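Visitor: A structural model of the following input is requested.
(chains A and B)
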There are 2 protein chains.
Amino acid sequence: MSQNIFDDPTFFEGYRQLREGANFNDLLEQPAMNALLPPLDGARVLDIGCGYGRNCLAFSEVAQHVDGVDISVRMLNVARKENCAGNISYHEMDMADISTLPGSYDLIYSSLAFHYCLDFPRLMKDCHDLLKEGGVLLFSQENPITTCARNTDNRYVRDEEGNTFFKVADYQDEGERHVRWFVDDVVHQHRKFSSIVHDIASAGLILTDCVEPCPDKSAIKKLPGLARELIKPSFIIFKCIRKETTK
Amino acid sequence: MSQNIFDDPTFFEGYRQLREGANFNDLLEQPAMNALLPPLDGARVLDIGCGYGRNCLAFSEVAQHVDGVDISVRMLNVARKENCAGNISYHEMDMADISTLPGSYDLIYSSLAFHYCLDFPRLMKDCHDLLKEGGVLLFSQENPITTCARNTDNRYVRDEEGNTFFKVADYQDEGERHVRWFVDDVVHQHRKFSSIVHDIASAGLILTDCVEPCPDKSAIKKLPGLARELIKPSFIIFKCIRKETTK
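Guide: Okay, the predicted model is just below:
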């Protein structure tokens, strides 16, 4: 079972405050994800790690039906209160259990949740099986450059000329990474680029696009910390389709 | 036109000595590439950046015909002398000009040459057009983690606990990188991981596998410098196929 850090009260409150101010999600990751969305008129959509349900509500305006899945009851309580609609169903569920959902989705969407997944090959296979032929899997996760190092103290170093570098280590050693984010010991999974691509292809999904979002000047003006994204990317986005069977 | 550094006498001699001893190509990159090769019985093969022609000779033992392309006359002189066969044709050619070749290849192969390419989207399109339907493009290049930083002095740093890190910077800023390798000012092209994937897919190629080679213990014993590959990968390998048109 994936770690359910979002039900930790300290984490939950810290995360909620983060998302209310100018943040990396709204200024960097969400615009890049939105640009890759397929048309959703009349579509069946699954959002894995739906959190507050903001994207579910947006999808529900044109989609036929939206299933929002999250492991955190606290997050789903917000979703059901603030982002409900007649064609959205929220499910308290570990992403390891999505194969129990009805399937036939036109879009499976996931924003910054898959780096919590323990069995990525199985997740890709489950997504494949839950998609209609020609359906789209669009997901973002932490970039392997960001997740790789076990020691996350003082990630940035400056040289004598004042240039700033990001410290990378342990890249080939995939698995758990323990980071401090509002609370001690949030567990992320480090996977190599190549493993992600391999697992996508092995599941029978076709990789049609990939984006490492880069902030523009206006985003950096709103949130100066985004300038560090020019040094190394925090996120990576993959867009895949389920192959159509040749008749 | 790509830089023709291999015809620089100092570079040529340094590279030749490097390839004669225990090296990253033979212990790390070549075994990973070989493991991804498709069956070559009776195949038409193109090797882009064939260098000394060692792979062309190996392919020629089972392939029907092999075209070896390199920009360096010095490299091709070695190839024609040491690795010739009746079914190999060596061509002095910039990889920007491969669209002039006859095409209908079952395999397009390239070992550690594409990071010299100036127009990568066009290279992917040319490879697509030169492949038969169902044909394979297999290439290795420098890993974007390795190519990204403009300042390549003192790439590794140690923290107080003795852990070694690799310094990453300038990741989002694609383009020329000037490195010292036997001579000053060898020009590599930095491309983001996502851009490579995007360009592969945009050319109509399907990405079927990706590998970031990791040395095993026996390789590290032969060449202790390979241990640094556990910190960050030097290479990345992509395997793609040209879509078959649905009848």
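Visitor: right, and the secondary structure at the spatially closest residue to residue A:117 that is not a sequence neighbour would be what?
Guide: Leaving aside its chain neighbours, residue A:117 sits nearest to residue A:123 (5.0 Å; criterion: C-beta to C-beta, 6 or more residues apart in numbering or on different chains). (Glycine included, C-beta is placed from N, CA and C.) Using DSSP: H, G, I helix; E, B strand; the rest coil, the structure places residue A:123 in helix.
Visitor: pLDDT score assigned to residue A:123?
Guide: Listed pLDDT for residue A:123 reads 98.
Visitor: got the contact list for the helix or strand harbouring residue A:47?
Guide: Assigned by DSSP states H and E, residue A:47 belongs to strand A:44-48. With C-beta atoms under 8 Å, 6 or more residues apart in numbering or on different chains as the test, strand A:44-48 has contacts from A:53, A:55-56, A:59, A:63-69, A:95, A:98, A:101, A:104-111, A:113-114, A:130, A:132, A:139.
Visitor: just stretch A:161-170 next, same as before
Guide: So stretch A:161-170 is in contact with A:145, A:148-151, A:154-159, A:190, A:228, A:231-232, B:145, B:149, B:151, B:157, B:163-169, B:230-232, going by C-beta under 8 Å, 6+ apart.
Visitor: now stretch A:84-99
Guide: Contacts of stretch A:84-99 (C-beta under 8 Å, 6+ apart): A:1-2, A:46, A:48-50, A:53, A:56-57, A:60, A:63-73, A:76, A:79-80, A:100-101, A:110, A:113-114, A:116-119, A:122-123, A:126-127, A:129-130.
Visitor: thinking again about what came up before, what pairs with the strand holding residue A:47, parallel or antiparallel?
Guide: strand A:65-70 (parallel), strand A:105-111 (parallel) (DSSP bridges).
Visitor: Turn those into TSV, including mean neighbour count and distance to residue B:195.
Guide: Below are the strands paired with strand A:44-48 laid out as TSV (neighbours: other C-beta atoms under 10 Å in any protein chain shown; distance: least, C-beta to C-beta, whole Å):
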stretch	mean neighbour count	distance to residue B:195
strand A:65-70	25	31
strand A:105-111	24	22
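Visitor: among the contacts of stretch A:161-170, which ones are buried?
Guide: A:145, A:148-149, A:190, A:228, A:231-232, B:145, B:149, B:163, B:165-169, B:230-232 (16 or more other C-beta atoms under 10 Å in any protein chain shown).
Visitor: phi, psi of residue A:95?
Guide: phi -70, psi -10 (degrees, to the nearest 10).
Visitor: how far does stretch A:31-44 stretch from start to finish?
Guide: 22 Å (C-alpha to C-alpha, to the nearest Å).
Visitor: same check, this time on stretch A:38-48
Guide: Terminal-residue distance, stretch A:38-48 (C-alpha to C-alpha): 17 Å.
Visitor: got the buried residues for it?
Guide: Quick answer for stretch A:38-48 (16+ other C-beta under 10 Å): A:40, A:43-48.
Visitor: Specify which member of these is nearest to residue B:210.
Guide: residue A:48 (22.9 Å; C-beta to C-beta).
Visitor: And for the closest one, nearest residue in space, chain neighbours not counted?
Guide: Nearest to residue A:48 is residue A:110, by C-beta to C-beta, 6+ apart, at 4.1 Å.
Visitor: who's in contact with the one you found?
Guide: Taking C-beta under 8 Å, 6+ apart, we find residue A:110 in contact with A:47-49, A:95, A:138-141.
Visitor: now those as TSV including pLDDT and distance to residue A:84?
Guide: TSV is the format used below for the contacts of residue A:110 (pLDDT from 0 to 100; distance: C-beta to C-beta, whole Å):
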residue	pLDDT	distance to residue A:84
A:47	98	14
A:48	98	19
A:49	97	18
A:95	97	22
A:138	98	23
A:139	98	24
A:140	98	24
A:141	98	27
